[in-house]
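Trainee: Sharing a model that was predicted from the sequence below.
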Amino acid sequence: MRQKFSLAAPRWDDIWPTVGETGLMYSIAPVRFRILPRGATWEVFRNTAFWGVFQSRTEADNSVREAMLGIFTAGGAAQVRFT
């Protein structure tokens, strides 16, 4: 019988463990930012935890970029996703 396999990309959590998880597989687990529109405002989440509300996307972008710069300067990794 022929075996089926999936070409779907693995989920992010399968590649990188959750920040704060014990026994990390990788030495640098990235901080994940997510920017979401909510009505007339923009919400930002950091590692799935609510981080702040901003009046414009530019304001949210700049805040996340500033936080990411601090993370990169300290030798860490970060990712941002817009939804």
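Mentor: Done, it's in.
Trainee: After the helix or strand bottoming out on mean pLDDT in the chain, which helix or strand is next?
Mentor: The weakest-scoring helix or strand in the chain, judged by mean pLDDT, DSSP states H and E, is helix 12-15 (a mean of 55). Using DSSP states H and E, the next helix or strand after helix 12-15 towards the C-terminus is strand 31-38.
Trainee: List the contacts of the longest helix along the chain.
Mentor: Counting residues, the longest helix found in the chain (DSSP state H) is helix 57-73. Residues from elsewhere that reach helix 57-73, judged by CB atoms under 8 Å, 6 or more residues apart in numbering: 31, 33, 35, 37, 42, 44, 46, 52, 54, 77-78, 80. Yep, even glycine has a C-beta here, placed from its N, CA and C like the rest.
Trainee: can you do 6 Å?
Mentor: 31, 33, 35, 42, 44, 54, 78, 80 (CB atoms under 6 Å, 6 or more residues apart in numbering).
Trainee: wait, Tyr35 sits on Val44?
Mentor: Slight slip there: residue 35 is Ile, not Tyr. Yes. Between Ile35 and Val44 there is a contact at 5.4 Å, judged by CB atoms under 6 Å.
Trainee: wait, is Arg81 part of a strand?
Mentor: Yes. Checked against DSSP: H, G, I helix; E, B strand; the rest coil, Arg81 lies within a strand.
Trainee: Any regions of the chain where pLDDT drops low?
Mentor: 1-28 (pLDDT under 70).
Trainee: Name whatever forms a beta bridge with Phe50.
Mentor: Beta bridges link Phe50 to Phe45, judged by DSSP bridges.
Trainee: how near is Glu43 to Gly70?
Mentor: 20 Å (CB to CB, to the nearest Å).
Trainee: for Ala77, same thing?
Mentor: For Ala77, the distance to Gly70 - CB to CB - is 12 Å.
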